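*Asks:* Fold the following and give me the result.
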Amino acid sequence: MPSPEKPRDLSRGVVTPSTFLPTSTYRLQLHAGFPFAAAQRTLPYLARLGVSTVYLSPIWASTPGSTHGYDVTDHARINPELGGLSGLRRFSARARELGLSVIVDFVPNHMGIQGGHNPYWEDVLRHGQGSRYAHFFDISWQPLKRALEGKVLLPTLGDQYGRVLERGELRLEWQEQGELGRLFLRYWERRLPLSPRSVAMLLGWMLDALPPRVPEEAGAELASIARSIANLPRSSDPHLTDTDKLSRAQEMDVASRRLTALLGTAPGVRATLESVLDEVNADHARLDQVISEQNYRLAWWQVAAEEINYRRFFDINDLAALRMEDPRVFAWAHTLLFELLREGLIQGVRLDHTDGLYDPAGYFRALQAGAGAALGHSEAEQVTGKPLYVVAEKILEPGEKLPDAWAVHGTTGYDFLAELNGVFVETAHQDEFNAIYRRFTGDRDDYLAHLYRGKHLIQRVSLPGEVNVLAEHLERLSESDLSARDFTLSAIRGAIREVIACFPVYRTYVRASGEREPGDNAKIVQAVRDAKAHNREQGQPVPPSVFDYLQNVLTLTVSGEGEAAERTRAEYADFALKFQQLTGPVTAKGAEDTAFYRYARLLSLNEVGGDPAHFGFTPREFHAAAARRAEQWPHAMLALSTHDTKRGEDTRARLSVLSEIPQVWGEFLRGQSPLLLSLLHDSDLGPAPSTRDLYTLLQNALGAYPLTGDLTGFAERLGDYMQKAAREAKLRTSWASPDEEYEAALRDVVTGLLNHPDFLAALGDLHGRISPYGAQNGLSAALVKLTAPGVPDTYQGCEGWNQSLVDPDNRRPVDYARLRRVLTRLESGHDLALARKLLGHYEDGAVKVLTTWAALQARRAHPELFGQGTYRPIEAGKYLLAFAREYEGQSAVTVAPRLTLSLTREKTPWALAESWGNRTLTLDAGTYTNVLTGEKLRVRGGKVPVAKVLEDFPLALLLRA
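*Replies:* All right, here's what the predicted structure looks like:
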């Protein structure tokens, strides 16, 4: 197995994580086409832009060709496609020269196992439970299905096993890699390792087939090799220690080297091997006999959902979950990370999918302790402090709080995104929008109904194997409870599904010790109560007592005292923690990857971290959330776009304008209906595409319509998006069962619309009507993100307009050459005249670069003000979001207009002086500089006309030093 790369210690003079808190971050997506060297070339620009910290996508070795890096194959190596450890060293050294720090995205929950590129997973496939890495992965070695006992289900076949075998697509092969050759089972490009037991079987057949001409000593060596392999301890031996497993693997390697050497010196033995392999490959019964001896069971990919017995990242077969709660796994996975911290190559960490972990709170504390030890902190600091800057990917439902006990600095910013995104939605028009949506699509269900059905669908279609593992676990527990021993597996499974479908949050945080977050029990009780209600509506298919038992287990409610009760409580806790690991993926897939694509009322609200049922936020709600963040999580990340968002921030900003003019949106839909009808295809399931997909298509066409008017490639982008959206919705097509006819109809409609002059004229007119107000929303949102409490993150390229759709559309290359030219122009001297000029041709995005650059420069110049300053809301009426950041006499006032189409009544594209009438906002006395324009504003104290603050530019960051 590869050992972790060893960085040298260069930490002297480097700002260590114990003193490191970023003031702003900039996310870069690394891949083979944009490695460390390419990213390094952007660093001078980023330093000039004003960011403090470069925030890198995962840098660990991953599946070759990965475009994202979340399919890590080895946490102990830096990705060679990015430039390896030496490339990272050069990148970090250049960043340090420019005064930039580095944080990296770390993936503790899972690993990529595709294509034989993960050495740890391959070892498990070869040695099964006898692998020294078997404890790395969350595998159920004793599932209910006896045929899977002691095996890993591998759903890699494109057809049923018997058919694949009969077609000769499975073949045994010998392959040499230097002095170590191995026997493999090949399925197309995939080479699967063979178990020692099956290798011994093949060598035995070789011995029987050796011709007399083979020298006696060669035959004796082959027999000795076969015996040494056959005598290895069985992989299923429960008494194997870690040392035994290591010895077993080493002995197998020695035997393989001996066999390789023998084949190189004894042509007769090699000829016999080739002959035996040919015979077995031609004999399906014998080949099946060999395959049956493996530590894995090959299966058609379509059975994966039902029978999979290893925990995955969501429903992705190629991403296997890790048991990070095992100290051995934790130590292995973090060795290189801690070395990078010690060397000073990185200063902080973003953690991916932490809700998938068995015990997130325990993991965060172990991470901080390990980082503290790596950096030479005292044991007391390791236990109580946060020596490492850490933000965790965590989706918070409305009203949900990040657990106080987590040793992190906050979330990655999806909660902030939802709060700020909602500010630009006109909440008063919800009923009108509901009516328009229902009239056009015929969808009478609200979002919560779609979410409930989506979570059930995911459990039934995508994650039934995980549900089955839980159900079998709970059934085993129930056997030792006299009041629960008669519960059937079917009833237990039904109760688990219903409670998960009704779960009000992604997950709870009960710990093995019995500790839990305040409110966790209440959430469990609420879910069980709602599940019982649904069960009653369905005629009580599950006895209510099963729900009661499940509630007792999840809340660790045990009757009696003493050793037996404590043992039961520990068993309950183990189940509860595994249950928690499933509710998150079901909710994520049921909401973000199903319901978000079914319920399309206003798509700017259908965003990661958001709640489509919540039709916008008021400024007061935003202020309350920002004040809480300032007090509790002042260094949390603030995001508007990420690699995972469903739409770019400016696509959403434009779509939110529709909430101000529902009647105009309704008229547009009615006007396009005749053309849409003429483009529909007939199908057995009704007209294609569906009205729901047409509604989605029209919104996205409007939201992503290029500001420049250049539609080159737009039809392909929109067609790709609609295919993905329809598959995610899982109504007329899906990833598991694509309907090619339906998807062709979708693309035909996209092409037909974008080639039709009447539609293009209507779309262009509506776009032209709302585009400036969408741009105003985008500028306001960017300014608020850059000045609110927290650490603002700019996703690559989002200092300019981002009219992207979901990935991979949002991961297209960024034109840094153009952005550098814009920045050079700003640096040569920016003033009101330049700001007004940029506003006049806002379509090119330079005005957003100005907003980003100016705000980042202010943050850099006043780190305490923006990093530690208090947050004070400024009441400014319906059409402004305004607040002050204050620190020891310094003040920065953000003035960001909202709902400006309604404010201006479309008389002017920008909310300038004439739009504001006699509206005022209250400012403290002093001389302020609008850092966006360079203008001075002298205030005596008290009410100031908004028309004066926004006289010539439609937003302001007023700095009083």
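*Asks:* Scan the protein for its longest helix.
*Replies:* Here the longest helix in the chain is taken by residue count, with DSSP state H as the criterion, and it is helix 757-787.
*Asks:* Which neighbouring elements make contact with the helix or strand that that one is followed by?
*Replies:* Counting by DSSP states H and E, the element after helix 757-787 in chain order, helix or strand, is strand 791-795. In terms of contact count using 3 or more C-beta pairs under 8 Å, 6 or more residues apart in numbering; DSSP states H and E, strand 791-795 is assigned the packing partners strand 25-28, strand 637-638. Every residue, glycine included, has its C-beta placed from N, CA and C.
*Asks:* Sheet partners, orientation included, of the shortest one?
*Replies:* What it means is strand 637-638. Sheet pairing here is set by DSSP bridges, and for strand 637-638 it gives strand 791-795 (parallel).
*Asks:* Show me which positions of the strand it pairs with end up buried.
*Replies:* Along strand 791-795, the positions that meet the burial threshold by neighbour count (16 or more other C-beta atoms under 10 Å) are Val791, Pro792, Asp793, Thr794, Tyr795.
*Asks:* Let me see the contact set for the first one.
*Replies:* Read that as Val791. The neighbours of Val791, taking C-beta atoms under 8 Å, 6 or more residues apart in numbering as the test, are Leu21, Pro22, Thr23, Ser24, Thr25, Val391, His635, Ala636, Met637, Leu638.
*Asks:* My guess is the third one contacts Gly99. True?
*Replies:* No - at 11.3 Å, Thr23 and Gly99 do not qualify as touching, with contact defined as C-beta atoms under 8 Å.
*Asks:* Tell me which of the two has more neighbours.
*Replies:* Neighbour count, other C-beta atoms under 10 Å: between Thr23 and Gly99, Thr23 has more, with 20 against 10.
*Asks:* would that one count as being in a helix?
*Replies:* No - Thr23: not assigned to a helix; according to DSSP: H, G, I helix; E, B strand; the rest coil it is coil.
*Asks:* how close does the closest residue to it other than its chain neighbours get to Pro792?
*Replies:* Leaving aside its sequence neighbours, Thr23 sits nearest to Ser52 (C-beta to C-beta, 6 or more residues apart in numbering; 4.3 Å). Remark: distance between Ser52 and Pro792 (C-beta to C-beta, to the nearest Å) = 10 Å.
*Asks:* With His614 instead?
*Replies:* His614 sits 23 Å away from Pro792 when distances are taken as C-beta to C-beta.
*Asks:* coming back round to it: list residues touching both of Thr23 and Gly99?
*Replies:* Common neighbours of Thr23 and Gly99 are listed as Ser52 (criterion: C-beta under 8 Å, 6+ apart).
*Asks:* For the residue nearest to His681 when sequence neighbours are not counted, give me its contacts.
*Replies:* Take His681 and drop its neighbours on the chain: the residue closest to it by C-beta to C-beta, 6+ apart is Ala745, 3.9 Å away. By C-beta under 8 Å, 6+ apart, the contact set of Ala745 is Leu680, His681, Ser683, Ala688, Pro689.
*Asks:* thinking the third one is in contact with Tyr742, fair?
*Replies:* Yes - with the criterion set as C-beta under 8 Å, Ser683 and Tyr742 qualify as a contacting pair; they are 6.5 Å apart.
*Asks:* Neighbour count for those two, which is higher?
*Replies:* Taking Ser683 and Tyr742 together and counting by other C-beta under 10 Å, Tyr742 has the greater number of neighbours (21 against 14).
*Asks:* wait, isn't the more buried one in contact with Pro689?
*Replies:* Yes - the pair formed by Tyr742 and Pro689 meets the contact definition of C-beta under 8 Å, at 7.2 Å.
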